[in-house]
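S.K.: return a 3D structure for these sequence lines:
(chains A and B)
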Amino acid sequence: MKKFIDALKNYAEGDLLPLEAERIIAEESDLTIAEMEDAALCIGILPARYARNRNTISIAEQRILFQSSVAVVGCGGLGGYIIEELARIGVGHITVIDPDSFEEHNLNRQINSDMDTLGRIKVTVVSERVLKINPAVTILPLAEPFTIKNGARQFADIQVVADALDSIPRRLELAEVCEKCGIPMVHGSVGGWYGQVATQFPGENTLQKIYSRYSGERGIEKDLGNLSFVVPLIASIEVSEIVKILLGVGSTLRGKMLSLNLLDMEFTEISF
Amino acid sequence: MSVSSAKIKIFLKLFASLRLDRFDTAYREYDSGTSVAGVIRIEGLPEKEVTLMLVNGRHVECDHTLADGDTLALFPPLGGG
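M.R.: Coordinates of the predicted model:
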């Protein structure tokens, strides 16, 4: 191990570890990229892919993110961007859950849908993309639905769950499972020009309040659809909430909901 | 003035798609004792499209009785991902 630590220090450029150095060290050792990067972060050496994070996220915080586990439920519009941003910020373990394949009507907003991926299983495509972006991430693709029955198994060892579903009853079930498992959940949903984000910790029942009078499977998106620029905005706010929860920094939307109206450019915060 | 004939003045705020072809905000007068559900009915809002209701910024259920001077905010359900 000392030899390996010496190699990390030897090949690092200052306190940055470039990809080329990782390749050389990988050839000289039998460590995985994830093991190598965790060891580097542990001794204060930052994988160079995170160089632009460093003045906002410290090396110690980068290691916390790298050791964190997040589940993203739904790999379509919101989920695609959430997974992309989690991988790029450096969350080390991402579980992605979705039983569906890409279809033509996904092309207007889902970042992983394109001419080459139509018909392919979503979790397979997003996993391939994550490993192209950040091979240090451990990604667990589950090509199955989230259900009340599956949830506890799917969320074993998960610290935060991201809601990227497209069904109101499934979201309420997700909130219920997160409650039972004691896991914080970041909710996001979209429809037309509008979106909303909320963060629910166990015992808060925020989702039940948001959808207290709902009936039926879907909301206003049934008539209004979902737009390309609304989806990544809501996904990004969800990721900012996840990162703050993992690092224990800043102020979150815990016990609140942020409602965004991009048509009238009104952002409204509600407290529950 | 008797209680039964009294009116309450409510500041009504519609959010997201609820304001399409309606209004953003308006002062309205209702009979004293009107509930949130009553406002939804009187204003002709589709019942299924109002799922989150706040009075003076606090979450309420639809049987909540309004008081003179209340601000009532109504939101539709968003479910897309």
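
S.K.: what about the helix-or-strand element of chain B with minimal mean pLDDT, near chain A?
M.R.: Counting by mean pLDDT, DSSP states H and E, the weakest-scoring helix or strand in chain B turns out to be strand B:58-60, with a mean of 92. Yes. Contact of strand B:58-60 with chain A (CB under 8 Å from any CB of the partner chain) involves B:58-59. Just so you know, the C-beta spots here come from the backbone N, C-alpha and C atoms, and that holds for glycine as well.

S.K.: packing partners for that strand?
M.R.: strand B:52-55 (3 or more CB pairs under 8 Å, 6 or more residues apart in numbering or on different chains; DSSP states H and E).

S.K.: what do you get if the cut-off is 10 Å, keeping everything else the same?
M.R.: If contacts are counted by 3 or more CB pairs under 10 Å, 6 or more residues apart in numbering or on different chains; DSSP states H and E, strand B:58-60 sits against helix A:206-210, strand A:266-271, strand B:52-55, strand B:71-75.

S.K.: residue B:23 and residue B:45 touch, don't they?
M.R.: No. The pair residue B:23 / residue B:45 is not scored as a contact, 11.5 Å apart, by CB atoms under 10 Å.

S.K.: residues shared between the contacts of these two?
M.R.: Taking CB atoms under 10 Å, 6 or more residues apart in numbering or on different chains as the criterion, residue B:23 and residue B:45 both touch residue B:14.

S.K.: more neighbours: which of those two?
M.R.: Counted by other CB atoms under 10 Å in any protein chain shown, residue B:23 and residue B:45 do not tie: residue B:45 has more neighbours, with 16 against 12.

S.K.: picking up where we left off before, export the helices and strands packed on strand B:58-60 as CSV, with columns for distance to residue A:199.
M.R.: As requested, the helices and strands packed on strand B:58-60 are exported to CSV (distance: least, CB to CB, whole Å):
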stretch, distance to residue A:199
helix A:206-210, 8
strand A:266-271, 12
strand B:52-55, 16
strand B:71-75, 17
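
S.K.: got TSV for the ones you listed, with distance to residue A:31 and mean neighbour count too?
M.R.: Formatted as TSV, the helices and strands packed on strand B:58-60 follow (distance: least, CB to CB, whole Å; neighbours: other CB atoms under 10 Å in any protein chain shown):
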stretch	distance to residue A:31	mean neighbour count
helix A:206-210	42	22
strand A:266-271	46	14
strand B:52-55	50	22
strand B:71-75	51	21
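
S.K.: which stretch among the ones you listed comes nearest residue A:50?
M.R.: Between residue A:50 and the helices and strands packed on strand B:58-60, the shortest gap by CB to CB is with strand A:266-271, which sits at 29.7 Å.

S.K.: same for that closest one, what does it pack against?
M.R.: Where contact means 3+ CB pairs under 10 Å, 6+ apart, strand A:266-271 is packed against strand A:194-200, helix A:206-210, strand A:256-261, strand B:52-55, strand B:58-60, strand B:71-75.
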